[in-house]
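> Got a predicted structure plus its sequence, pasted below:
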Amino acid sequence: MEVPIADVMAVHQMYGRQSHSIDSGHAADWAATFTADGEFHSPSYPAACGTAELVAFAERFHAGSAAGEVLRHVVSTVDVAAGEGPDALNALAYLQIIGTPPGAASRLHRITTLDDELVRTPAGWRIRRRTVLRDA
Amino acid sequence: MEVPIADVMAVHQMYGRQSHSIDSGHAADWAATFTADGEFHSPSYPAACGTAELVAFAERFHAGSAAGEVLRHVVSTVDVAAGEGPDALNALAYLQIIGTPPGAASRLHRITTLDDELVRTPAGWRIRRRTVLRDA
Amino acid sequence: MEVPIADVMAVHQMYGRQSHSIDSGHAADWAATFTADGEFHSPSYPAACGTAELVAFAERFHAGSAAGEVLRHVVSTVDVAAGEGPDALNALAYLQIIGTPPGAASRLHRITTLDDELVRTPAGWRIRRRTVLRDA
């Protein structure tokens, strides 16, 4: 089943906004790309579930990045697929974490796959559950 | 001539689906992003022409990746241009091949340019001919 | 305020066209993604303002790339936001500069953030002012 263009575009916009939010320290904006009960599961961090934990996670991420090596969430290769019913989507994307220590060369830290379950809300598409798969 | 939005979006979706298909071992899905007589030309591999050779190529790629260093096709910087007539498109994109050996750091293997000729089919846009240009 | 799909898509297309233009030596096409009085500000180069300076900048970039290490503008993580009024947009994107010296491995030179002010023109969306933010 083909996903409507408007929905695919909205997911691309969400990914862009999400990365720039966390990387520039807008923790609440990052958390707002998830539902209020949204879940973030990654092998690199403890799980974060619900808005309060998601905001705290994004704040810690940016504080670490601002204090030392600048880290960027570089997202590409987005694939948006239909979920169960018109109000659900599944999306895959690649995420490169690229870091730049003060005065040193930028380098690729890791490559992960974002595996997201999205739901339609009055405020647009939100992530219900993110599973980060890490190559290693 | 401007390419209709629906067609541009379909090509973005094709690129996303294509990468995740080959990287997760779904060789038939990868081959299905080409026409039945589709051609894949790359300086890194022998040419693959037609569905059977394309499937075999994708199977070999994933078997190698699963057995050792995990490889990812990271696609970005997509530019979709009109082809000859409403049922043809030309697309350019950058492809980073990123590898992660077991227990070692991820690294960029190579950067290539995908130069694709696409045709409209009843099943959507398909690649008639891919030429991979490799920086070296 | 949500940005219309057609406008978001046009910005994605502009980024794709822009990168492939400068990387393949089409300096005038690259400059044409800016307004006639468009400005390019980057910590890596002197400022370029107006079409003539933008063309000259792109020509120098490609001449250097063709003579030695091949450089690619890899753009992703696009976020298009409303500007002031329906004829203005602000866009953010990540830009990886990836270089490949003759006979050597490809490597990431730097990661930057593109911060663009765009205006609607009869010829489509054009960059009025680009500010490149460089991690380092």
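Arrived safely, thanks for sending. Residues are numbered from 1 along each chain as shown, chains lettered A, B, ... in the order given.
> Show me what whatever residue of chain A ends up closest to chain B is bridged to.
With CB to the nearest CB as the measure, A:Asp79 is the residue of chain A nearest to chain B, at 3.1 Å. No exception for glycine: its C-beta is placed from N, CA and C like everyone else's. For A:Asp79, the beta-bridge partners are A:Leu92 (DSSP bridges).
> hang on, isn't it packed against B:His20?
Yes: using CB atoms under 8 Å, A:Asp79 is in contact with B:His20, at 5.2 Å.
> any common contacting residues for these two?
In terms of CB atoms under 8 Å, 6 or more residues apart in numbering or on different chains, A:Asp79 and B:His20 are both contacted by the residues A:Leu92.
> ok, for A:Asp37, nearest residue in space, not its chain neighbours?
Among residues not flanking A:Asp37 along the chain, A:Gly50 sits closest, at 5.7 Å (CB to CB, 6 or more residues apart in numbering or on different chains).
> Not counting its neighbours along the chain, what's nearest A:Ala56?
With CB to CB, 6+ apart as the criterion, A:Ala56 has its nearest non-adjacent residue at 7.2 Å, and that residue is A:Ala48.
> The helix or strand harbouring A:Ile98: which residues count as buried?
Per DSSP states H and E, A:Ile98 falls inside strand A:88-100. Neighbour counts over strand A:88-100 (16 or more other CB atoms under 10 Å in any protein chain shown) mark A:Leu89, A:Ala91, A:Leu92, A:Ala93, A:Tyr94, A:Leu95, A:Gln96, A:Ile97, A:Ile98, A:Gly99, A:Thr100 as buried.
> out of those residues, who's nearest C:Met14?
A:Ala93 (21.2 Å; CB to CB).
> ok, back up a step: number of nearby residues for the residue nearest to A:Asp37?
For A:Gly50, the neighbour count with other CB atoms under 10 Å in any protein chain shown is 15.
> now it: how far from C:Pro4?
Look at A:Gly50 and C:Pro4: by CB to CB, to the nearest Å, they are 33 Å apart.
> Can you give me every residue that contacts the residue nearest to A:Asp37?
A:Ala36, A:Asp37, A:Gly38.
> ok, now A:Thr121?
By CB under 8 Å, 6+ apart, the contact set of A:Thr121 is A:Thr35.
> next one: A:Ala28
Per CB under 8 Å, 6+ apart, neighbours of A:Ala28: A:Val55.
> Give me the secondary structure label for it.
Assigned state for A:Ala28: helix (three-state reduction, DSSP: H, G, I helix; E, B strand; the rest coil).
> Just the pLDDT for it.
pLDDT, A:Ala28: 98.
> tell me how far the ends of stretch A:74-93 are from each other?
Taking CA to CA, to the nearest Å, stretch A:74-93 runs 10 Å from one end to the other.
> Can you give me the buried ones in the strand ranked longest in chain A?
If you go by DSSP state E, chain A has its longest strand at strand A:107-121. Buried positions in strand A:107-121, judged by neighbour count with 16+ other CB under 10 Å: A:107-120.
> could the residues you listed be laid out in TSV, adding pLDDT?
Listed next are these as TSV, based on pLDDT from 0 to 100:
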residue	pLDDT
A:Arg107	95
A:Leu108	96
A:His109	95
A:Arg110	95
A:Ile111	97
A:Thr112	97
A:Thr113	98
A:Leu114	98
A:Asp115	98
A:Asp116	98
A:Glu117	98
A:Leu118	98
A:Val119	98
A:Arg120	98
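> from these, which are also near chain B?
Among those, the residues within reach of chain B (CB under 8 Å from any CB of the partner chain) are A:Leu108, A:His109, A:Arg110, A:Ile111, A:Thr113.
> OK, contacts around the first one?
Pointing back at A:Leu108 there. A:Leu108 sits next to A:Gln96, A:Ile97, A:Ile98, B:Ile98, B:Ala105, B:Ser106, B:Arg107, B:Leu108, C:Leu108 when contact means CB under 8 Å, 6+ apart.
> Number of residues surrounding the closest residue to the first one other than its chain neighbours?
What that stands for is A:Gln96. Nearest non-adjacent residue to A:Gln96, counting by CB to CB, 6+ apart: A:Val74, 4.3 Å away. Around A:Val74 there are 23 other residues, counting by other CB under 10 Å.
> so who does A:Val74 touch?
Counting by CB under 8 Å, 6+ apart, the residues that A:Val74 touches are A:Ser19, A:Leu95, A:Gln96, A:Ile97, A:Ile98, C:Ser76, C:Thr77, C:Tyr94, C:Gln96, C:Ile111.
> For A:Leu114, see how far away the residue nearest to A:Glu59 when sequence neighbours are not counted is.
Using CB to CB, 6+ apart and skipping residues adjacent in sequence, the residue nearest A:Glu59 is A:Ala27, 4.4 Å away. Separation of A:Ala27 from A:Leu114 (CB to CB): 18 Å.
> Which residue of chain A lies farthest from its centroid?
Centroid-distance maximum for chain A: A:Gly103 at 27.6 Å, with CA atoms, centre = their mean.
> So which bits of chain A are right by chain C?
For chain A, the residues in contact with chain C (CB under 8 Å from any CB) are A:5-6, A:9, A:12-13, A:15-17, A:19-20, A:70, A:72-76, A:98, A:100, A:102-103, A:105-108, A:124.
> Can you flag the buried ones in those?
Those of the residues of chain A next to chain C that meet the buried threshold are A:5, A:9, A:12-13, A:15-17, A:19-20, A:70, A:72-76, A:98, A:100, A:106-108, by 16+ other CB under 10 Å.
> Out of the residues you listed, which sit inside strands?
A:Val70, A:Arg72, A:His73, A:Val74, A:Val75, A:Ser76, A:Ile98, A:Thr100, A:Arg107, A:Leu108.
> coming back round to it: quick check: beta-bridge partners of the residue nearest to A:Ala56?
Note on A:Ala48: beta-bridge partners by DSSP bridges are A:Phe40.
> buried sites along the helix or strand bottoming out on mean pLDDT in chain A?
Using mean pLDDT, DSSP states H and E, the weakest-scoring helix or strand in chain A turns out to be helix A:51-67, at a mean of 93. Along helix A:51-67, these residues count as buried under the neighbour rule (16+ other CB under 10 Å): A:Thr51, A:Glu53, A:Leu54, A:Val55, A:Phe57, A:Ala58, A:Glu59, A:Phe61, A:His62, A:Ser65.
> got the angle for it vs strand A:88-100?
Angle between the axes of helix A:51-67 and strand A:88-100 is 20 degrees (criterion: axes from the mean of the first three to the mean of the last three CA atoms, to 10 degrees).
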